[in-house]
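Enquirer: Just the structure for this:
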Amino acid sequence: MSPSDGRSFFPEPARDRPEARLAARLAFIVAGCGVTCAAALMPGLAHRLGLDGWDLVMAGVLLLSGACIGAKGVATGAGSGSCSGAGSKLRRLGPRTAVLVGGLGSALMLPTVAFSGSLAMLLAALFAFGLCAGALDAAMQATADEVARSISRPRRPGLSAIYLAAGVGGALVTTLLLAVGFEPPLAAALVAAPMAIAVVVAWPYVLEAPDRER
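Expert: Numbers count the residues shown, from 1 in each chain. Below you'll find the predicted structure:
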């Protein structure tokens, strides 16, 4: 095999590690759980802050804008669209660091979103959460691709099922905690704590393209 052969950059036996597959699963779990936990907090926040329809639209726009910047910044080969200016700095992180920063950032911002005492604070917290969630989403997709490449198989559809199951679980747990009387910041913190632990466990084993790992 010549050195220029693309396969030489991906030596499957050396890179096929169970802990790398576990890291990808944990990243999908954290991403799915974080998004639905934030969604479960919104009805209570809207009631407490007296938000109207336009306020909620603005909140959604800022959340999506943050996610766009975060995802574009981490995604390999992202174009130079409207999000690429701020994203170009994030792209230097690489998937492994982006999983750590995005995952811990998402976990940290959930209680912050729940604690918001004004519309301005809520909008800022949602933008920051979207930025972290977008970075985590792009990083988990990149590491899932690397895991699939390392074992010479297509990406397994089970990762999407894990993401959906984590999303349902995050929404149910958050809603249950709120229903039994937990204050929103505490409920969010109880969901965010396992997310942060999972990210720290996964981070050292996240696969990146070999040119980043050298």
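Enquirer: And residue 129, how close does it get to residue 34?
Expert: From residue 129 across to residue 34, the span is 8 Å (CB to CB, to the nearest Å). Every C-beta, even on glycine, is put in place using the N, C-alpha and C of the backbone.
Enquirer: if I look at the most centrally placed residue in the chain, how far off is residue 23?
Expert: Against the mean C-alpha coordinate of the chain, by CA atoms, centre = their mean, the closest residue is residue 136 at 3.1 Å. Separation of residue 136 from residue 23 (CB to CB) stands at 13 Å.
Enquirer: overlap in contacts of those two?
Expert: When contacts are counted by CB atoms under 8 Å, 6 or more residues apart in numbering, residue 136 and residue 23 are jointly contacted by residue 99.
Enquirer: Thought residue 198 was touching residue 104, still the case?
Expert: No - using CB atoms under 8 Å, residue 104 is not in contact with residue 198; the gap is 10.3 Å.
Enquirer: List the contacts of the nearest residue to residue 192 once chain neighbours are set aside.
Expert: In this structure, residue 192 finds its nearest non-sequential neighbour in residue 107, 4.0 Å apart by CB to CB, 6 or more residues apart in numbering. If a contact means CB under 8 Å, 6+ apart, then residue 107 has 30, 34, 192, 193, 195, 196, 199 as its contacts.
Enquirer: element containing residue 107, please.
Expert: helix 94-115 (DSSP states H and E).
Enquirer: tell me the SS of residue 117?
Expert: coil (DSSP: H, G, I helix; E, B strand; the rest coil).
Enquirer: The nearest residue to it once chain neighbours are set aside: what's it in contact with?
Expert: Of all residues not flanking residue 117 in the chain, residue 49 sits nearest, at 7.7 Å (CB to CB, 6+ apart). Residue 49 makes contact with 55, 116, 117, 118, 119, 122, according to CB under 8 Å, 6+ apart.
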